[in-house]
Structures are given as structure tokens and as C-alpha cells.
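> Prediction below, plus the sequence it came from.
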Amino acid sequence: MKKLLDSSLRSTLQGQRLHSLEDLEFVLKQYEEMHQDDDYETPPPRRESRPDYISAGKFRPKRPAKAYVAQSKVESSSEDEKQVHFQETTEEIPEQEVETGSSESQLPEDWSQVYRAMENAGWKPPP
């Protein structure tokens, strides 16, 4: 039994007590009935549950990325002017806006009115 290649059959036979050849035939018939649909040594490949239009790999856009150049009616002869330039824009925040404080004196008048209305409704500011 150690040289038996089918591991599931080997494990089935190892758990049985066989006293005669008829017992072995009975166990093999049961095993055959249970596994008659399985013609493979390995299970068949599973179909993925995701739709066909979603690929298994990384995201792929429908169209490749394109850059368009807008030209005016007057053609320019310079090659540099025809190229598209991408620029990163960064917004700088002045240090005065970065500072945070909880005093109502820094808040605009509208905010103080909002806080006053909330306090009248029963809201209490955090400590």
C-alpha cells in the first residue's frame, strides 16, 4: 500500500480492516462509486467568480493614455512650443492660517454665532 500513487485511495484503504478478498472488492466498489465522476488526479480548474471583463492582473484602462496638443490657427515653427508640458502645482498655506486655537476671538463672527446657537440648543463645547 505504500507504493499506491492515488493518495485518496491509499488513505481510504489504510482505514479499513480487510479480512478477505471480498472485503477489498467491496471497499474498492464503494470508492469507485464515490469517485466515478472524478477522472482527474487533481481537481478540475475552477472558473473565477469575477466577470470576464475584469482581468486577473493589474488594472488596464480601455484606451492607452494620450496627450493632445492644442494649436492655434497660426502655426509656430518652434518645436518646443508644440510639446506638452506638465507642471505640478502646490498650494502654499501662510503660517497664520496653519496655527490653530480654540479661542473664539480668532473665529469669524459667523462662527461665534453658530457656537452661540448650538450652546442655546444644549450643546457643550469640549474641554
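Yep, that arrived.
> in this protein, which helix has the most residues?
helix 21-34 (DSSP state H).
> Kindly provide the whole-number mean pLDDT of stretch 10-26.
In this model, stretch 10-26 has an average pLDDT of 77.
> how about that stretch: buried residues?
12, 13 (16 or more other Cβ atoms under 10 Å). Placement of C-beta: from N, CA and C, glycine included.
> ok, and what's touching the longest helix of the chain?
9, 12, 13, 16, 17, 18 (Cβ atoms under 8 Å, 6 or more residues apart in numbering).
> Swap in 6 Å and give it another go.
Residues outside helix 21-34 that contact it (Cβ atoms under 6 Å, 6 or more residues apart in numbering) are 12, 16, 18.
> Now do the contacts for residue 126.
Neighbours of residue 126 in contact, by Cβ under 6 Å, 6+ apart: none.
> what's the spacing between it and residue 115?
Counting by Cβ to Cβ, to the nearest Å, the separation of residue 126 from residue 115 is 12 Å.
> Any regions of this structure where pLDDT drops low?
For the chain, the stretches flagged by pLDDT under 70 are 1-6, 36-69, 72-109.
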